[in-house]
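Student: build the 3D model from these lines:
(one chain, ligands or ions: 1)
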Amino acid sequence: MLVSFALRNTVADRRIIPIDCPVCRKQNVAAQAQDLRQTLLLLHVLPVFHHRPTLVTCQACGAELVAGMRTADLARVGDPQHVARYLRVRLPLVLRALVLGGIVAWLLPLIGTVWTGIAYGWSRRYTGWVRWMALVLFLLSLLPTLGLVLAEAWPAKAPAASHGPPAPLP
Ligand SMILES: [Zn+2]
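Tutor: Purely as a prediction, here's the structure:
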């Protein structure tokens with residue numbers, strides 16, 4: 001029998017609050033805060049797992065943030081700078097995969113530099129480990145690429161070919 005799961009997502013509370021966005025650094029910008037109620041349903045009916053995250057979306061840059069307190073509490077705090085202390089950046093899954101994949105990919109000449117370059121360019125919008133890791137991987141990736149470029153520019157000298165005058169025939 002195929003066991004199937006479904007995720008039920010309902011919004012319990014939603015409101016607009018002012019925040020100092022940790023991603024785009026804009027101050028006192030409007031953000032949508034919502035309390036979600038996520039339930040993982042086994043066979044589409046049997047609840048097996050509950051999760052009640054509070055997500056905050058910056059309306060200036062669209063960054064998704066995870067809040068450490070409920071929407072109603074965030075609204076009560078009011079002061080955008082104070083609210084920011086309860087927000088953590090939620091990294092896009094693709095970015096995390098790109099940076100983690102870079103741990104292996106940096107070894108590849110050219111491909112590694114393009115890969116980690118994209119990861120670093122994207123990660124610069126965020127703070128924390130992902131940004132530093134992407135930067136280190138990007139710098140590392142320059143070594144194999146540089147090696148390849150040097151090898152192409154100065155190919156190993158082929159042994160002097162015998163271009164001298166043909167030996168006179170006997
Ligand atoms: Zn923002």
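Student: break this structure down into its structural domains.
Tutor: Domain assignment of the chain by automatic domain parsing yields the ranges 5-89, 93-153.
Student: mind putting the ones you listed in a markdown table, mean neighbour count and mean pLDDT included?
Tutor: C-beta coordinates here come from the backbone N, C-alpha and C atoms, glycine included. Shown next, in a markdown table, are the domains of the chain (neighbours: other CB atoms under 10 Å; pLDDT from 0 to 100):
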| stretch | mean neighbour count | mean pLDDT |
| --- | --- | --- |
| domain 5-89 | 15 | 91 |
| domain 93-153 | 16 | 91 |
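Student: which of the ones you listed sits closest to the ion?
Tutor: domain 5-89 (3.1 Å; CB to the ion).
Student: just the element for Arg131, please.
Tutor: When secondary structure is defined by DSSP states H and E, Arg131 falls within helix 129-153.
Student: run through who's touching that helix.
Tutor: For helix 129-153, contacts defined as CB atoms under 8 Å, 6 or more residues apart in numbering pick out 91, 95-96, 99, 102-103, 105-110, 112-113, 115-117, 119-120, 122-124.
Student: ok, stretch 5-14 next?
Tutor: Here stretch 5-14 has contacts from 32-44, 48, 52, 70-72, using CB under 8 Å, 6+ apart.
Student: now it, how far from the centre of its chain.
Tutor: Relative to the centre of its chain, stretch 5-14 is centred 25 Å away, using CA atoms, centre = their mean, to the nearest Å.
Student: and for stretch 5-22?
Tutor: 21 Å.
Student: so is that stretch next to the ion?
Tutor: Yes - judged by CB under 5 Å from the ion, stretch 5-22 and the ion are in contact via Cys21.
Student: the protein: helices as residue ranges?
Tutor: Assigned by DSSP state H, the chain shows helices spanning 71-77, 80-84, 93-105, 111-123, 129-153.
Student: can I get those in a markdown table with distance to Ala12?
Tutor: Supplementary listing: the helices of the chain in a markdown table, determined by distance: least, CB to CB, whole Å:
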| stretch | distance to Ala12 |
| --- | --- |
| helix 71-77 | 8 |
| helix 80-84 | 19 |
| helix 93-105 | 24 |
| helix 111-123 | 32 |
| helix 129-153 | 30 |
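Student: and the most centrally placed residue in the chain, what does it touch?
Tutor: The residue lying closest to the centre of the chain (CA atoms, centre = their mean) is Leu95, at 2.5 Å. Neighbour list for Leu95: 119, 122-123, 126, 130 [criterion: CB under 8 Å, 6+ apart].
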